[in-house]
Every structure is written in structure tokens, then in C-alpha cells.
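*Asks:* With the sequence up front, the predicted model follows.
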2 protein chains.
Amino acid sequence: MAKITAVSPLAPAAFPALPVIEGVKFAAVAAGVKYQGRTDVMLATLTPGTVVAGAFTRSSTRSAPVLDCQAKLGHSSAEGAAILVNSGNSNAFTGKGGVASVEAITAAVARACDVPQMRVFTSSTGVIGEPLPHERITAVLDTLAANTKVADIAAAAKAIMTTDTFPKGAAASVEIGGKTVSIAGIAKGSGMIAPDMATMLVYIFTDAKISQAALQSLVSAHNEVTFNSITVDSDTSTSDSLIVAATGASGFSVDDNSSFSDALHGVMRDLAHQVVRDGEGATKFVEINVIGAANDADAKTHAMAIANSPLVKTAIAGQDANWGRIVMAVGKSGAAADRDTLGIRFGDVEVAKNGWRSESYSEEAAAGHMKGENIVIGVDIGIGSGKSTVWTCDLTHGYIDINADYRS
Amino acid sequence: MAKITAVSPLAPAAFPALPVIEGVKFAAVAAGVKYQGRTDVMLATLTPGTVVAGAFTRSSTRSAPVLDCQAKLGHSSAEGAAILVNSGNSNAFTGKGGVASVEAITAAVARACDVPQMRVFTSSTGVIGEPLPHERITAVLDTLAANTKVADIAAAAKAIMTTDTFPKGAAASVEIGGKTVSIAGIAKGSGMIAPDMATMLVYIFTDAKISQAALQSLVSAHNEVTFNSITVDSDTSTSDSLIVAATGASGFSVDDNSSFSDALHGVMRDLAHQVVRDGEGATKFVEINVIGAANDADAKTHAMAIANSPLVKTAIAGQDANWGRIVMAVGKSGAAADRDTLGIRFGDVEVAKNGWRSESYSEEAAAGHMKGENIVIGVDIGIGSGKSTVWTCDLTHGYIDINADYRS
């Protein structure tokens, strides 16, 4: 890697203690795919009967592993399953060779873990357009398979990092009728780009018992308001992958359980926030709440236009309560808006109301809010009841430092 | 202004000599709208019979002067007309007070210049959300009207600058049947944002004789491939305005004259390029040519996704031939693409072909192109015959410096 960077100032104090999820085992190893002196391949094995759901990048140039995972989702199975992830090379834009690499890896994992190849899910993250030296991965599979442990999720979180400045984990437990259902998840993403683009990878495990259809439905719904509601720089990886696996080991069925749904939502939101907190060069964590839009989709369009505006993001970096740039972003979003009903708040400070600077507006109070580490921007479009919340970070010299760097 | 900045390294050597357009007179004055010690109001008076066409920002929060211009366009008239522009205050997001300011200014210009109020077009550029002190403008109108000169277009170009680092002008002459038809235009835009957002304002004058409908048709068509094909940071001003006035003084009718159309197109493209060359913090002028898309609209969507990608723009700033980021941008654009037909060139260097790194690819040759000041990125989507060209600049520390600054 071109650069060693300090941990993000927005990072949590420590990697959390994650509960053991019965039915899942982890192993990590240094295979030397690209990086030296660190683990770069992780394996998770999943007990027979495990249900797998997921969500993936919408990029039309998505990678071979993503296409392979998408083809395999949706099957329930009484057989075991496995997830294998490498960092250092994304196997994206690698043509037929990339497809052959996925075939070679998934076949080898199936053999080493004694699971059907249809139940082997892989992800690759790192440099784009370089052939993946998959023989370095297949060479370590027997070692990996022989050394899986139920408690090694933290090691897995570290092995999937590329230029993340901290490993990301989150967990929740739900007490349902005297039984405990646990959820534990890990993620990587939005760390530095060098040597190439960041990718968001997320793996969440639970011992809940749930049908594939019910799990996929929850994952899709929560994904829209968590991982699909964050942005660092508006750029979308070719490899973004979210996989959620439910082993059923707790024996407790959660198909229509709102407590479980809420807990899964919470874990997904927590990991999504950590991805933003590791945003390239980030010094501020920004929440954007849009209300009063014509509908929820319009609200999200407005919120994303604000979150992706370089002028808004640089103003936040400069601790500048520059509400004119919020007006601009709403105006350019393409979603319905009325200049004369627009209201804007920075934190608790009302900045504008009914299309005009608020009479009570205090530049000093607004500037005070902008000095904090957590910025909340509230926008009332004033024409309906659509709402949306998205999260982003500021745009700083650190982002330029990281991304204007040579790859090599 | 918060900052004094050197002239953009991409600026032309000098302001060009612009031809006199018979039927147009200019004057500029220091009215102290906001700036001190410089001209900040310009007036252009237009001879009776002048035809006026235009194009404006699509922002849903557009300013009062923009709405007023849009309501007035499309009328042909045997009476005179006038254009008045102030810098320092954009009169945007100023509610009913903003509408009253436009009314006061246009009424005063009509009186001072003896033209109908329906034929007075105004633009305002500068800080957003502050009441426009229009009495400072109306106070100088008699002086302005009494001092208009046919040759003072350069003074007008300077008066409309906000944080531009150089005044922008372009011209063309067309010999048609022994007669000369002249075109002269000025623009401002994409200079620094402090104290607030940049706005693109363009005024083009010609002595051609043309119907309003024909002129509007030319302006709309050329606008799509010139001013609507440039981007600095994807952010759209609430005040962008392009006004084209044809005085008819040459006596030569150009309603269906392709030479005139080409010349007007050339002036518009030249001014559009100058706006990009004054992009905030720009050190590279970037042309993006997309071919082989499903249709022209898709090609433009791909080109704009590349041009607006922070990862692409920072790679260019870093002189990095990072073609993976081009793949990423094509993938995220939402327009149709096929990973396995994609081709990419940097200048004359073929980087990728049919979805895979080109066999002839030389990192050294590609890096050589990236070291130049003018970068050309060619993308062949490989699925159709749609094409589009857009222009942008790189994303540098200079952009952050300019935009993360406090407004005051």
C-alpha cells in the first residue's frame, strides 16, 4: 500500500466483543494475494440448513464474484455452506479469466469444506483489472478449513480490510420467549482507495431460524435504509456485497418477529455508520434528515443530492453553516421542491423557513453546531410527507491526499 | 472576498480582441452592491428589433431574476431591449423581497434606457439568501445609461466576475455572400465559491438578422453540447443564465445558415471551455469522449458520471492512469453498459479493450499522457452508436482550499 494512515478520528474506541454464533466458524490466513505481512483471506463455514440472503452492487460492471453470488442466492438447502473472502485483488474487469478464478476458488472451497459448490459464496476486494492469482488462495484452503474456530470473527474482520483504518464489527441479542437469538456482523469499506477503489463488504451471522424468503425480505428492506443510505463520495464499487447467514442453531423461529427485524436493522445501521466513519479523510459524521417531500423516494433523492454535493461537503469540512449550498443541492436534485416552502435546520438551529432565512436565525448558533464532530442537517421540503435519512462525511484535504496518490 | 487567488494555470494568455457588434452598447460601473473598489454592475443596451433567446438553470430553487427572464423570453419586438447584470449578490432564496428587487431594477432600467420593462433582462450573481440592496443599482442607472459605448464589452466582462480568476470572452466572424456577420460573447463562472456558490452567466451578441424562433432553436441545441456538457463539481447554481441577442444590424438573414450556426456553436464552446479552465483549483483540462453507447443520451450519462466522479477527478489530479475508476464510473452511471465490450483510451493509448486490459497496454505511455495539461479520455461502450463529449477539470487541494473556507 502506498500510504500508512492513522486510524480515522471518527473510529469507535475499540472493536466490540461479538457473541459466538452457533453454527458458524471462522479462519483467516496470510496467503500473499497482494499484501505482505498480514492476513488477506478469510473463511466462514456454515452449518447444514443455514439460510443465506444478500444484497449487491447495482453496478453494470460488477465483478465476477458478485455475479456468482447473485446466481447462487435464494436456494434453501439442508447442506452446509461457506463464505470465502480475499483482500488485495477485486477480480473485477478481469474478463473470462475472472470467471475462471471464481470457478477454481469455489470448487476448491467446496472440496476443502465438504459443501456443494452451489453453496460457496466468495468476495474479492482490492485492485481492479489485475488477474487474481487464485492459486495463492486455493493453496491455503486445506489449512483454513482445518483451523476454523467459532470465536475467530475478529480475525475475519481484519483479513477483509484493504485500506480501512479500523476493523468493523457490530452485534445484537434479542430475548424472545426466554430464548436468546444473537446477531454478529463484520464489514469493511470506505477506507482509503489506494491502490484502487474502496469496496463495501458486509457479512452478518445469526443463529435465528428463518426462511430464506423471510430473511431476504428483511435484508432487502433494511439494506435500503442502511447500506443504501450512506455515501462517501457518490462513487459505487463494482464489488459491494452484503451476505446474511442464519444458521438456525438457536432453534427459535423469527419469520415474523419484529424484535429480530429491529435487531438486524440495528446491526446493519451500526456497520453502515462505521463505514462512513472510516470515509476517506473524514473528520465529521453527517446525518441528513429530509422530511416534507412529495414521497419517500423524492426525499431520498434530495438527501443524497445534499450528501453528495462537493460544495456541501467542503462547507462542512470548513465548519461553515453555509445553508445556501443546501438550497442549491435541493434545487439540483431533480426531485420536486418549492423554493418558497423550504426549511433548513443545522442541529437544533432553525436556519431557513418558508423559503427565506429564519427570523430567529443566529449565525453564531449555527456555527457552533458545525464545530462538533456529529453534524445533523434537517431539511423540510414543505410539500408532502415523504421522508428519508442518509449519512455521509465531509470532503477534506485528506480525501485528496488519499485519492490523488499514485497507485504504485 | 476571503481570498485572493492567482489566475488559473489553465487561463488563456489574454482576453481576446472582440469585434464591435453594431446595435449593442455597454457600460460598467462600481455600484458597491457588495464588493468595494471594482465594477459590479454592467448594462448592455440593444437596438430596436433585437431578437433575444436564452437558456437557464433547471434548478427548482432558481432565483427571481432567472424566473423573470424566462417569463420574458420568446417575444419578438420592434422596440429596444436591455440586459443588466450585478455581481456580489445573487438575489436567490430571497422570497418576495427578491421578486420586488427584480421589479424595481427592471422598471428603473426601462425608464433609464427608454425600453419596455418586458424587454429588460437581469441577472444577479454572488451571495445567496441575502436581500439584494437594489437601490444601490437603481441609483447608478442614469450614469450607466448615459455612458454606454459600443466598444466596452471587455469592461462588461470584468463587471460580472465574482471569484473568477480571469474575464472570459470569445468571438467569431462569418463571411456570407460578401457580408460579414459577427458574434461576440462574454461569460463568468466556476471561479471560487467564496463567499458562496459559483454561477455561470453568459451573454452573446451578434449583428445577424434572425427570427426569435430560429435563434432560440440554435441556442437550445448548441447549449446541450456546450454549457450543458461541462461540469466542475456536479453542483448546479440557482442562477445560471445564457442570453443571446441578435441585433439584425448586419442586415443579413441567417435563419437557415449553417455557417452562422457553426460559428455560434464555436463561440459557445469556447466560452464553456473557459468556464472549465477557471474551475476551482483546476490544474488539468479534461475532455471525455464516449462512443458506442445505446444512444446519445446514454453516452452523455456515462460521460457525466466519469466527469463527476471524485475518484476519477482525483486520479487525474494525481496524474494517475487509473482506468479502473473509469470502469467504476461507467458501471455506476445507470446507463446501459456491458462489462465485456468496454474499451478505454487515455489520449492515443489503448488501455482496455473488450472488457479487459489491452494486450498492448503500456502503463508508461498512459502515465505520459496523464502528465500533460490537456487530458483526453476515450470510452467505447461497445453496444451501439450513441456518442457524447463533455469537459471537466481535475479535483485538487485547491478546490478544498477554496470551498472549505469560511464565508466571512
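*Replies:* Sure thing, it's come through.

*Asks:* If you drop the residues flanking it in sequence, what lies closest to the residue of chain A most remote from its centre?
*Replies:* Ranked by distance from the centre of chain A (Cα atoms, centre = their mean), the top residue is A:Glu359, with 40.3 Å. The shortest distance from A:Glu359 to any non-neighbouring residue, by Cβ to Cβ, 6 or more residues apart in numbering or on different chains, is to A:Lys353 (7.9 Å). For glycine as for every other residue, the C-beta is placed from the backbone atoms N, C-alpha and C.

*Asks:* what's the neighbour count on that neighbour?
*Replies:* 18 (other Cβ atoms under 10 Å in any protein chain shown).

*Asks:* ok, now A:Val7?
*Replies:* 11.

*Asks:* Please apply the same query to the one 5 residues further on.
*Replies:* The tally of other residues near A:Pro12 (other Cβ under 10 Å) stands at 16.

*Asks:* who's in contact with it?
*Replies:* A:Phe166, A:Gln274, A:Arg277 (Cβ atoms under 8 Å, 6 or more residues apart in numbering or on different chains).

*Asks:* name the element A:Val85 belongs to?
*Replies:* Assigned by DSSP states H and E, A:Val85 belongs to strand A:81-89.

*Asks:* coming back round to it: what's opposite the residue nearest to A:Glu359 in the beta bridge?
*Replies:* Beta bridges link A:Lys353 to A:Trp356, judged by DSSP bridges.

*Asks:* do A:Ala172 as well
*Replies:* The partner residues for A:Ala172, given DSSP bridges, come to A:Ile183.

*Asks:* Assign the nearest residue to A:His265 once chain neighbours are set aside to helix, strand or coil.
*Replies:* Take A:His265 and drop its neighbours on the chain: the residue closest to it by Cβ to Cβ, 6+ apart is A:His222, 4.6 Å away. Here A:His222 takes the helix state, with states given by DSSP: H, G, I helix; E, B strand; the rest coil.

*Asks:* ok, A:Thr163 to chain B distance?
*Replies:* According to Cβ to the nearest Cβ, to the nearest Å, A:Thr163 stands 13 Å off from chain B.

*Asks:* ditto for A:Phe93
*Replies:* Counting by Cβ to the nearest Cβ - A:Phe93 and chain B are separated by 5 Å.

*Asks:* who's in contact with A:Ile105?
*Replies:* A:Leu84, A:Val120, A:Thr122, A:His134, A:Ile137, A:Thr138.

*Asks:* redo that, cut-off 7 Å
*Replies:* For A:Ile105, the contacting residues are A:Leu84, A:Thr122, A:His134, A:Ile137, A:Thr138, by Cβ atoms under 7 Å, 6 or more residues apart in numbering or on different chains.

*Asks:* Narrow the residues you listed to those in strands?
*Replies:* A:Leu84, A:Thr122 (DSSP state E).

*Asks:* So which of the contacts of A:Ile105 wins on neighbours?
*Replies:* A:Ile137 (28 neighbours).

*Asks:* And A:Met118, how close does it get to A:Pro48?
*Replies:* Separation of A:Met118 from A:Pro48 (Cβ to Cβ, to the nearest Å): 14 Å.

*Asks:* What does the residue farthest from the centre of chain A show for phi and psi?
*Replies:* phi -60, psi -30 (degrees, to the nearest 10).

*Asks:* hmm, the strand holding A:Val85 in reach of chain B?
*Replies:* No: judged by Cβ under 7 Å from any Cβ of the partner chain, strand A:81-89 stays clear of chain B, getting no closer than 11.4 Å.

*Asks:* partners of that strand, with directions?
*Replies:* strand A:41-46 (antiparallel), strand A:120-127 (parallel).

*Asks:* so what's A:Ala145 up against?
*Replies:* Contacts of A:Ala145 by Cβ under 7 Å, 6+ apart are A:Leu43, A:Ala112, A:Cys113.

*Asks:* hmm, try it at 10 Å
*Replies:* Going by Cβ atoms under 10 Å, 6 or more residues apart in numbering or on different chains, A:Ala145 touches A:Lys25, A:Ala27, A:Leu43, A:Thr45, A:Ala82, A:Ala108, A:Val109, A:Arg111, A:Ala112, A:Cys113, A:Asp114.

*Asks:* In strands only, show me those residues.
*Replies:* A:Lys25, A:Ala27, A:Leu43, A:Thr45, A:Ala82.

*Asks:* Tell me the bridge partners for A:Val286.
*Replies:* A:Ile375, A:Thr392.

*Asks:* Not counting sequence-adjacent ones, nearest residue to A:Ala365?
*Replies:* Nearest to A:Ala365 is A:Val349, by Cβ to Cβ, 6+ apart, at 4.6 Å.
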